[in-house]
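1. 3D, please:
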Amino acid sequence: MTLREQLHLPESPTGKPVIAVPLMLGPTDKLTPFAQQLQAQKPDVVEWRADYIADDFSEAVMWQQVKAGAQAALAQKDVSAMTEAKMLAEIDQAQQEFKANWPIMNQQIIKELTGSVFETIGDFPIILTYRTQAQGGRGEMSPLEYTLFMVNALKSGYHFAAVDVEYTLAAEFRDKIMAAARAVGVPVIMSYHDLNETPDVPVYLADLAATGADIVKLAVTPHDEADVERLLLATQAAQIAQPLITISMGLLGQRSRIEGYKYGSEMTFAVLDGQPVSAPGQLTISELRAAWQAK
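-> Here you go, the predicted model:
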């Protein structure tokens, strides 16, 4: 099954790969301008980089907001030391209640975050991604928090085109996310990002495929043109049942983003014009399409 079939996308009449654009908006950013650009530039899919917003609604952050509000209200009152001590103790008690209620609150928060993305993006398919700092993203959640976020997003009632799961996550957590994805019919992209070098590509592709994921993604860092060529040729030679997405990052690797589909990589990532990149070496959609026309 091709990647387009996995994502329920129509075949490309030109044979070009799937174009994915990252959505990297924080809690104070507006979704509407991004959605308007989508309609104008029309990529195939949107990768929701939830690591740009999810940490702002973590348990620790939400409790600090509640606690700060209670402390501010207390500071405005003229009370005795005994009364103040009693009220502070009540805040501590409230924290225990907050912790007990957090799982349900967390589910609702994630549902609302997911809903805001789907309702603004419209008909564009969405890939769910939470990229940790170790893999080149902004996410600081613990492995358990990461897993709970992904599982709750998948169970939110909104149907993702796919979910990206980091290979570096412990197998027990990966399996939980994969099980949640399978339960709602969402294909799993197993991804690994090497931010330092281009490793033994065939070995990594085989390891990623062996997880049982539906799609395999490998992004690496080249030190010279030979590294880029090695990634492309390994992609072409890969004997793997799943669709492949391979990327050589940085300026050196831009060739892989433009020509990778000729070697069997079925998706390339670009950004909407004027938007920041989500990984080194990304082109804008206009630059990518211009490069294709020039070939």
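
2. which parts of the protein are strands?
-> According to DSSP state E, the chain carries its strands in the segments 18-23, 45-49, 126-129, 162-166, 188-193, 215-220, 244-248, 267-271, 283-284.

3. reformat the ones you listed as TSV; add distance to L231, mean pLDDT and mean neighbour count.
-> All C-beta atoms are positioned from the backbone trio N, CA, C, and that covers glycine. What follows is the strands of the chain, written out as TSV (distance: least, C-beta to C-beta, whole Å; pLDDT from 0 to 100; neighbours: other C-beta atoms under 10 Å):
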stretch	distance to L231	mean pLDDT	mean neighbour count
strand 18-23	18	97	23
strand 45-49	20	97	23
strand 126-129	21	98	24
strand 162-166	19	98	26
strand 188-193	13	98	23
strand 215-220	6	98	26
strand 244-248	5	98	26
strand 267-271	13	97	25
strand 283-284	17	95	18
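
4. tell me which of the ones you listed lies nearest to Q107.
-> Closest of the strands of the chain to Q107 is strand 126-129, at 15.4 Å (criterion: C-beta to C-beta).

5. can I get the strands of the chain in CSV including distance to Q39?
-> Rendered in CSV, the data for the strands of the chain read as follows (distance: least, C-beta to C-beta, whole Å):
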stretch, distance to Q39
strand 18-23, 12
strand 45-49, 12
strand 126-129, 15
strand 162-166, 22
strand 188-193, 25
strand 215-220, 26
strand 244-248, 25
strand 267-271, 16
strand 283-284, 16
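
6. what's the closest of the ones you listed to A290?
-> Ranking the strands of the chain by proximity to A290 (C-beta to C-beta) places strand 283-284 first, at 9.0 Å.

7. partner strands of the closest one, with direction?
-> Partner strands for strand 283-284, per DSSP bridges, with pairing direction: strand 267-271 (parallel).

8. any idea how far the partner strand is from the chain center?
-> Its chain's C-alpha centre and that of strand 267-271 lie 13 Å apart, by C-alpha atoms, centre = their mean, to the nearest Å.

9. list of residues touching that strand?
-> Residues from elsewhere that reach strand 267-271, judged by C-beta atoms under 8 Å, 6 or more residues apart in numbering: 3, 17-22, 43, 47, 217, 245, 247, 257-258, 260-261, 277-279, 282-285, 287-288.

10. now do it and strand 188-193, the angle between them.
-> Orientation of strand 267-271 against strand 188-193 (axes from the mean of the first three to the mean of the last three C-alpha atoms, to 10 degrees) gives an angle of 70 degrees.

11. tell me the angle strand 267-271 makes with strand 45-49.
-> In this structure, strand 267-271 runs at an angle of 70 degrees to strand 45-49, with the same axes, to 10 degrees as the basis.
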